[in-house]
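> predicted model, plus sequence, below.
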Amino acid sequence: MRKHGRRAREELSDTGKALIQVHSSEYSAMVTRINRFMSLQFVVWPVLIGALTFIWTEHSKGNLPAVLVAWGSVFAVQFASQNYNFALYEVYNHVRYIEQVLRPRVVALLHTDAVWEYERYLNRTGKAHSAWIGDVAPAVGSLATLLLSAYWRWNDWEVSDFWGFALNGLLLIQVSLTACRIVMVRKDFFDAA
């Protein structure tokens, strides 16, 4: 299927050339969206640090009871984790679209598979760290925060602790399910690569 790229482009009809322009524009739009979602992934952590700093500062001043500090901190961690997960899922979903829909169309038009090869390169060579770190770390962090808060509150447990634990437990399920979806979509586009 490999042909020299320039020769393949010279053989394209006007319709083919127009389709290449359309697909290239779509690719550019997709990459722009990916960059925005990647930026969103890293914005959540400073916001989380600010929220936790505020919560603990107010608690040290005596303005927030321990029960709100415990379960509010867990909520803040899970809120940040879910937003990170949302952005990561969208990044992977966009890459999956590029790899499984857009790339094959361009390959068919150009008669070469030497198109947008970075994901295939990563699949062969690996990344700087395991993808599992970014995929499941937020869910693990949410679970750890939930368990630490439960342990901290154990001796002073009251009805509001039950509600804080239950609501945050439901959020943990959502964060974990999203992490599973992330793993599946990443596996889907890497298996195709």
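It's in. Residues are numbered from 1 along each chain as shown.
> what bits of the protein have low per-residue confidence?
Applying pLDDT under 70 to the chain flags the ranges 1-11, 126-131, 190-193.
> let's see 80
Per-residue confidence for the chain (pLDDT under 80) gives these ranges: 1-12, 119-134, 189-193.
> regarding it, what is its longest helix?
For the chain, the helix that runs over the most residues, judged by DSSP state H, is helix 14-60.
> which neighbouring elements make contact with that helix?
Helices and strands touching helix 14-60, as assessed by 3 or more Cβ pairs under 8 Å, 6 or more residues apart in numbering; DSSP states H and E, comprise helix 66-97, helix 103-110. No exception for glycine: its C-beta is placed from N, CA and C like everyone else's.
> report the angle between the shortest one and helix 66-97.
Looking back up the chat, that one is helix 103-110. Put simply, helix 103-110 runs at 20 degrees to helix 66-97, going by axes from the mean of the first three to the mean of the last three Cα atoms, to 10 degrees.
> can you start the count at 12 instead of 1 from here on
Got it, first residue is 12 now, which makes that one helix 114-121.
> could you write out the alpha-carbon coordinates of helix 114-121 in CSV?
The C-alpha trace of helix 114-121 is given here as CSV (Å, rounded to 0.1, in the frame of the first residue of the first chain):
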residue,chain,number,x,y,z
ARG,A,114,-6.5,8.4,9.4
PRO,A,115,-7.9,5.5,7.3
ARG,A,116,-9.7,8.0,5.1
VAL,A,117,-6.5,9.9,4.4
VAL,A,118,-4.5,6.7,4.0
ALA,A,119,-7.0,5.5,1.3
LEU,A,120,-6.8,8.9,-0.5
LEU,A,121,-3.0,9.1,-0.4
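> nearest the middle, which residue of the protein would you pick?
Residue closest to the average C-alpha location in the chain (Cα atoms, centre = their mean): residue 99, at 1.1 Å.
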